[in-house]
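A.B. asks: The following comprises the amino acid sequence and a computationally predicted model.
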Amino acid sequence: MRVRSNAIRAGLAALSASLIAPKAGAAIFGGPERGGVGFLPANSQIADNLFWLHNAILLPVTIGISLLVLGLIVYIVWRFNETANLEPSRRTHNGLLEFAWTVLPALTLVVIAVPSFRLLAEQLIIPAPDLTVKVTASQWHWNYGYAKSEGGFAFDSLYVEDKDLKPGQPRVITADNPMVVPVGKVVEVDVTSQDVIHSFSAPSFGIKIDAIPGRLNKTWFKAEREGFFYGQCSNICGIDHAFMPINVRVLSQPDYEAWLAQAKKQFAAADRVDVAATPLVHP
């Protein structure tokens, strides 16, 4: 976690972490819960930083601007109404006020921009991956392809209807075959589409990237804890847009290897996939 020199920022970050983070080391459920408010549990450093930016900077700035504007409106209505000002003022300029409403918004944008650019760099510069998964979107399901080093298999992930749900599975966002990854490993996700533009969104990992026909977009995450995590297509991609759930299961390395051995047999008949072996390089 980034070191906070400012005590207020540190306090806000600790408060937000206590509201959204599970106990360290525990398997977590990254899905909606009844009565839940706020973000899904973060399970990567990027997601932690995203939630910190929202809770410690964007939310206070938004609330502060809203209260300032509300206060100004109330003051103007009270101070400059027709009853209190029988003789209209002919003033047209106020140098100090014009300077303030030009400089203060610019300074506010700088405060927001500095951590935003740092976060964008973290998202776009992909470290050397331990595992690469190719995600192909179709109307209306996902296909997950594992690199040749992992067995070179692929499988579809389809929406599970309400009548087929097992106890504990949430409706609408449950898929039959989740993407499975090991904990503590850098996972590169290569995203594309076979038909229209979709969007691969997994909030707990800080991922939201478009799936575009003819283009391979890349993102990454490194899961910090084991658990089961949910997302959805976040582009309106057609009549069944709401039924393209994303399920990601994070396992320990031994459990992942056991799943991998079983998956190679289960999906042996699937077409082998070519996954871009070289991560996206930025200057």
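C.D. replies: That came through, no problem. Residues are numbered from 1 along each chain as shown.

A.B. asks: What segments of this structure are helices?
C.D. replies: Taking DSSP state H, the helices of the chain run over residues 7-20, 45-52, 59-79, 95-124, 253-266.

A.B. asks: quick one: F228 and G31 touch, right?
C.D. replies: Yes. A contact is recorded between F228 and G31 when judged using Cβ atoms under 8 Å, the distance being 7.1 Å. C-beta here means a position set from N, CA and C on the backbone, and glycine is covered the same way.

A.B. asks: can you pull the contacts of Y230?
C.D. replies: Each residue near Y230 by Cβ atoms under 8 Å, 6 or more residues apart in numbering is listed here: 30-32, 40, 170, 173-174, 202, 204, 245-248.

A.B. asks: In CSV: these, plus pLDDT, neighbour count and distance to T132.
C.D. replies: CSV is the format used below for the contacts of Y230 (pLDDT from 0 to 100; neighbours: other Cβ atoms under 10 Å; distance: Cβ to Cβ, whole Å):
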residue, pLDDT, neighbour count, distance to T132
G30, 84, 24, 22
G31, 84, 21, 25
P32, 82, 12, 29
L40, 90, 22, 24
P170, 88, 14, 28
I173, 91, 19, 25
T174, 92, 21, 25
A202, 94, 25, 16
S204, 94, 27, 20
P245, 94, 24, 22
I246, 95, 23, 17
N247, 95, 23, 19
V248, 96, 26, 15
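
A.B. asks: Let me know the closest of the residues you listed to V135.
C.D. replies: I246 (8.7 Å; Cβ to Cβ).

A.B. asks: Now for that closest one: which residues touch it?
C.D. replies: For I246, the contact set (Cβ under 8 Å, 6+ apart) comprises 142, 157, 175, 179, 200-202, 230-233.

A.B. asks: sorry, back to before: please identify the most buried of the helices of the chain.
C.D. replies: Between the helices of the chain, the one whose residues have the most neighbours on average, counting mean count of other Cβ atoms under 10 Å, is helix 45-52 (a mean of 20).

A.B. asks: Against which helices or strands is that helix packed?
C.D. replies: In this structure, helix 45-52 makes packing contacts with helix 7-20, helix 95-124, strand 217-222, judged by 3 or more Cβ pairs under 8 Å, 6 or more residues apart in numbering; DSSP states H and E.

A.B. asks: how many degrees apart are that helix and helix 95-124 in direction?
C.D. replies: Counting by axes from the mean of the first three to the mean of the last three Cα atoms, to 10 degrees, helix 45-52 points 160 degrees away from the direction of helix 95-124.

A.B. asks: Right, I'll leave it there.
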